[in-house]
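Colleague: Here's a sequence, model it:
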Amino acid sequence: MKPPCEDLNGLKPADFPLPRTPDACEECLREGTQWIELRECRACGHVGCCDSSPGKHATRHFHETHHAVMRAVPPAVWTWCYVHEAMGQLPAN
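Modeller: Residues are numbered from 1 along each chain as shown. Here you go, the predicted model:
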C-alpha cells in the first residue's frame, strides 16, 4: 500500500483558485478541439482536459509546470496528485 500523499492532506475547496476557464479546456478552446471531462490545477487555476480526451491537456500541464495537484471540474470532491499518483477527497463544503 502506498503511503498517504502529503500534497492532498487537509485540502479544502477554498485551497483552489478560481478556474481560469471554468467551463472549458484552455488549450482545446485555442485548438478548436473537444474535451470529455475537465480538471483544475490547484496551483494556478489552469483548466485542462482529462486523459480520456484527445489532448490530455491537464496531464500535459503537470509535465510542463510540475503543478502536482488537480481536482475535477465542475468542482467535485475528488483530487489527484500526479507526483504520488494518489487520489484524495475534499470535504463537501
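
Colleague: Do I have it right that residue 58 meets residue 41?
Modeller: Yes: counting by CB atoms under 8 Å, residue 58 touches residue 41, with 7.5 Å between them. Placement of C-beta: from N, CA and C, glycine included.

Colleague: The two: who's more crowded?
Modeller: residue 58 (28 against 22; other CB atoms under 10 Å).

Colleague: rewinding a little: list residues touching both of residue 58 and residue 41?
Modeller: Jointly contacting residue 58 and residue 41 under the rule CB atoms under 8 Å, 6 or more residues apart in numbering are 47-48, 70.

Colleague: residues contacting the residue nearest to the spatial centre of the chain?
Modeller: Nearest to the mean C-alpha position of the chain, counting by CA atoms, centre = their mean, stands residue 70 at 2.7 Å. For residue 70, the contact set (CB under 8 Å, 6+ apart) comprises 39-42, 58, 62, 79-80, 82.

Colleague: any chance of those in a markdown table, plus secondary structure, pLDDT and distance to residue 89?
Modeller: As requested, the contacts of residue 70 are exported to a markdown table (DSSP: H, G, I helix; E, B strand; the rest coil; pLDDT from 0 to 100; distance: CB to CB, whole Å):
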| residue | secondary structure | pLDDT | distance to residue 89 |
| --- | --- | --- | --- |
| 39 | strand | 97 | 16 |
| 40 | strand | 96 | 16 |
| 41 | strand | 97 | 18 |
| 42 | coil | 97 | 14 |
| 58 | helix | 98 | 19 |
| 62 | helix | 98 | 20 |
| 79 | strand | 95 | 7 |
| 80 | strand | 96 | 11 |
| 82 | coil | 97 | 17 |
